[in-house]
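*Asks:* Please work out how this folds:
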Amino acid sequence: MSHDLRTELNDEQYLAVTSIDGPVLIIAGAGSGKTRVITFRMAHMLDKGIPQSQILALTFTNKAAREMASRVRELTGKKLQMLTVSTFHAFGVKVLREDIDKLGWRENFSIYDDVDRNQLIKETGRELGFTADALDVYAIGNLFSQIKTGMKFWGEGANDQYRHLYEEYQSGLKLFNAVDFDDLIILPLTLFREHPEVLAKYKERYQYLMVDEFQDTSIQQYQFMKALAERNVCVVGDDDQSIYSWRGANYENIRMFEKDFPELLEIKLEQNYRSTGTILAAANGVIAHNTNRKEKELWSGNDSGKPIEIYIPENEADEADFVSEMIQTIRMNEKRSYADFGVLIRANTLSRAVEEAFLEANIPYLMSGGTSFFQRKEIKDIISYLRVIANPDDDINLLRIINTPRRGIGRKTIEDVSAIATGRKCSLWESIQALLSEEGSPLSEKSKADLETFSLFIQEHRTTMLSGKDLSAKVKKMVDEIDYWSYLVQEYQKNEKAARYKFLNIDSLITSISTWEKDPDNMKTSLYDYLNRITLITRDDMEEDEDSGKVNLMTIHASKGLEFPVVFIVGAEDGLIPHARCVEETGGDVEEERRLFYVAITRARDKLFITSCRRRRKMGGVVECTPSPFLEEIPASLVEYHEPSQPVETDEAIDILAKMKARFTM
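*Replies:* All right, here's what the predicted structure looks like:
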């Protein structure tokens with residue numbers, strides 16, 4: 001690496017990059033060049049002669065992992081095929097691929113996403129005689145996840161009526177040779193605990209460990225990291241940006257790390273390279289009200305910048321018009337691209353008025369957290385075929401495709417197949433094979449012939465897809481063979497345009513498989529590798545390249561790690577920021593909500609607008625709103641208040657603030 005670290009990094013960054021022996025805790029404030037430090041640190045380790053294969057870097061999203069790996073490649077000019085930069089879950093898959101047979105699964109297991117998981121819960125619940133009313137699969141899925149990740153325990157706050165369903169769900173997963181997303185962390189931990197030789201193998205392999213976004217790790221992820229870490233472990237995080245407790249994240253992990261590695265070196269990165277002085281002073285003013293945090297004060301080498309503008313529109317329609325007009329004005333005056341704007345909302349319900357205003361003004365926008373490409377029905381159908389071809393014992397996906405497109409296999413036949421599978425404790429696929437080969441089958445000749453055709457179809461495609469190259473061409477051939485186009489035309493008889501759009505999505509899928517296969521960095525391009533990759537991708541919001549040049553409308557949670565020259569925080573009202581339900585669930589603790597507001601403020605580089613409506617439509621009625629108490633915590637000298645139409649005089653602004661104060665102290 002021909003980089004002069006002294007000139008490229010500030011003093012704290014330099015220390016963080018060059019301290020590679022022993023445990024290191026890097027507290028990286030918002031915009032302090034965290035990714036730069038991590039990538040330079042890895043490049044420096046390689047420069048010092050540490051083999052690629054001994055370094056393991058773990059982060060949270062595929063996007064972050066990809067960005068990190070490509071930056072290290074740029075810095076070193078090396079290919080880095082032995083370097084492991086991975087999400088926790090993708091690394092969990094790697095561990096399980098090698099050793100899951102020790103826990104009683106077969107190595108070609110399927111990974112169930114939320115849709116598959118909920119389907120299995122529904123099927124299992126029906127088998128156990130649960131009524132439709134008692135089967136809120138979304139709530140039960142969340143409960144099961146909380147049980148697995150240790151956030152809840154049976155008998156203590158968790159509803160025991162679902163305990164038997166949970167046990168049957170677990171045995172269902174094993175029967176179908178599948179794991180769910182939580183298992184990707186839980187099962188490797190089980191492996192490490194029950195098979196010390198497996199853990200020893202990984203500790204021997206990875207001598208240097210790095211963890212990004214450490215404040216977002218769950219208890220299990222912390223245990224995972226601690227099990228692997230010998231001594232050379234570096235964790236990077238910011239307790240002020242811990243906003244995922246509802247997903248099991250535990251920022252107390254920073255304290256646990258200090259306790260478990262008492263000889264650690266702690267380094268604070270406090271120089272912010274992103275935002276103006278004003279924006280940082282506002283963020284510092286807000287977060288200083290949290291008591292449970294490490295002391296730090298972000299500072300900026302940039303100039304102080306423009307004041308933060310707070311607008312008090314009449315209602316959400318005025319608010320949305322203000323945002324869209326302001327975007328158009330700034331874009332024209334400052335020659336900015338639409339992609340320079342971030343519009344942040346606390347809850348998805350706030351997006352509708354903003355989206356309508358954007359549509360009316362012809363402003364192109366991207367709503368993060370919409371339906372992922374891989375969650376669309378037509379894509380899930382084709383992927384289900386691929387999953388069954390890869391693993392015929394995968395009952396969920398087999399049930400999805402057995403009669404899609406329709407091939408005469410009705411409910412009665414499926415019930416007969418299921419009855420044998422239940423009686424023999426085998427998968428549906430094994431049950432079908434038994435029905436086709438054994439005497440005395442309860443099936444009619446027609447049903448038998450239909451099942452035979454289906455079975456042969458899967459076996460033939462299994463033979464071709466699991467051998468040789470050119471997976472995309474084989475998938476295209478399969479789509480033609482099942483005549484999915486005719487099925488779509490049948491489903492959308494009154495709307496051929498919709499059918500065509502959905503078929504084009506399948507074309508895009510086949511193209512993306514082809515691109516993935518041709519990528520020279522992909523050493524493995526089997527069907528199994530492809531299926532694992534997309535299961536992990538669907539957990540991230542897909543970042544489509546063609547979405548550059550659009551305004552970014554997103555929840556504050558989705559904005560973490562991003563930055564925009566101009567940011568609007570919409571709906572800064574009490575009950576939304578902080579969110580009433582979250583405050584209620586935490587027994588009145590607003591600290592995480594304040595951290596969320598801090599994350600929103602620190603997304604802005606040059607200009608920040610905050611809106612707070614006087615009244616807002618809610619549940620069919622109109623409610624009076626109070627400004628968020630967090631607005632009070634921004635130093636008054638940094639703020640300009642505006643009424644809907646005209647700027648407010650200073651005396652009047654002080655009067656508004658006084659009224660706000662009075663309302664909060666009542």
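*Asks:* rest of the way, CA atoms for contacts and neighbours
*Replies:* OK.
*Asks:* Show residues contacting the helix or strand containing residue 343.
*Replies:* Element membership for residue 343, per DSSP states H and E: strand 341-345. Strand 341-345 has contacts (Cα atoms under 8 Å, 6 or more residues apart in numbering) with 327, 351, 551-556, 559, 563-571, 600.
*Asks:* Whichever of the residues you listed end up buried, select them in PyMOL.
*Replies:* Buried residues among the contacts of strand 341-345 (16 or more other Cα atoms under 10 Å), as a PyMOL selection:
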select buried, resi 327+351+551+552+553+554+555+556+559+563+564+565+566+567+568+569+570+571+600
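*Asks:* From the contacts of strand 341-345, which land in helices?
*Replies:* Cross-referencing these against helices under DSSP state H gives 327, 351, 556, 559, 600.
*Asks:* Give the bridge partners for the nearest residue in space to the first one that is not next to it in sequence, please.
*Replies:* Nearest in space to residue 327, with sequence neighbours left out and distances taken as Cα to Cα, 6 or more residues apart in numbering, is residue 341 at 7.4 Å. Taking DSSP bridges as the rule, residue 341 bridges to residue 566.
*Asks:* Quick check: the gap between residue 341 and residue 603.
*Replies:* When distance is defined by Cα to Cα, to the nearest Å, residue 341 is 10 Å away from residue 603.
*Asks:* Find residues that contact each of those two.
*Replies:* Common contact partners of residue 341 and residue 603 (Cα under 8 Å, 6+ apart): 564, 567.
*Asks:* contacting residues for residue 398?
*Replies:* Residue 398 neighbours (Cα under 8 Å, 6+ apart): 384-385, 388, 392, 428-429.
*Asks:* of those residues, buried ones?
*Replies:* Neighbour counting by 16+ other Cα under 10 Å classes 384-385, 388, 392, 428-429 among the contacts of residue 398 as buried.
*Asks:* And these, which is closest to residue 482?
*Replies:* Comparing the buried ones among the contacts of residue 398 against residue 482 with Cα to Cα places residue 385 closest, at 10.2 Å.
*Asks:* Please report how far that closest one lies from residue 398.
*Replies:* Using Cα to Cα, residue 385 is found at 8 Å from residue 398.
*Asks:* swap in residue 364?
*Replies:* 40 Å.
*Asks:* hmm, back to that, just the ones of the buried ones among the contacts of residue 398 in helices?
*Replies:* Assigned to helices by DSSP H, the following of these qualify: 384-385, 388, 428-429.
*Asks:* Show me which positions of the longest helix anywhere in the chain end up buried.
*Replies:* The single longest helix within the chain, with elements called by DSSP H, is helix 496-518. For helix 496-518, burial by neighbour count (16+ other Cα under 10 Å) applies to 499, 502-503, 505-506, 509-510, 513, 517.
*Asks:* next helix or strand past the one helix or strand residue 90 maps to?
*Replies:* Under the criterion of DSSP H and E, residue 90 resides in helix 88-99. Counting by DSSP H and E, the next helix or strand C-terminal to helix 88-99 is strand 110-112.
*Asks:* Please state the offset of that next one from the chain centre?
*Replies:* 17 Å (Cα atoms, centre = their mean, to the nearest Å).
*Asks:* so what's residue 660 scoring on pLDDT?
*Replies:* pLDDT for residue 660: 58.
*Asks:* ok, and what's touching the helix or strand containing residue 485?
*Replies:* Following DSSP H and E, the helix or strand that holds residue 485 is helix 484-491. By Cα under 8 Å, 6+ apart, the residues outside helix 484-491 that reach it are 405-406, 496, 499, 502-503.
*Asks:* hmm, 10 Å instead?
*Replies:* 378, 381-382, 404-406, 478-480, 492-493, 495-503, 506 (Cα atoms under 10 Å, 6 or more residues apart in numbering).
*Asks:* did I read that right, residue 414 in a helix?
*Replies:* Yes - Residue 414 forms part of a helix when assessed by DSSP: H, G, I helix; E, B strand; the rest coil.
*Asks:* Regarding residue 236, what is its secondary structure?
*Replies:* Put simply, residue 236 is strand when judged by three-state DSSP.
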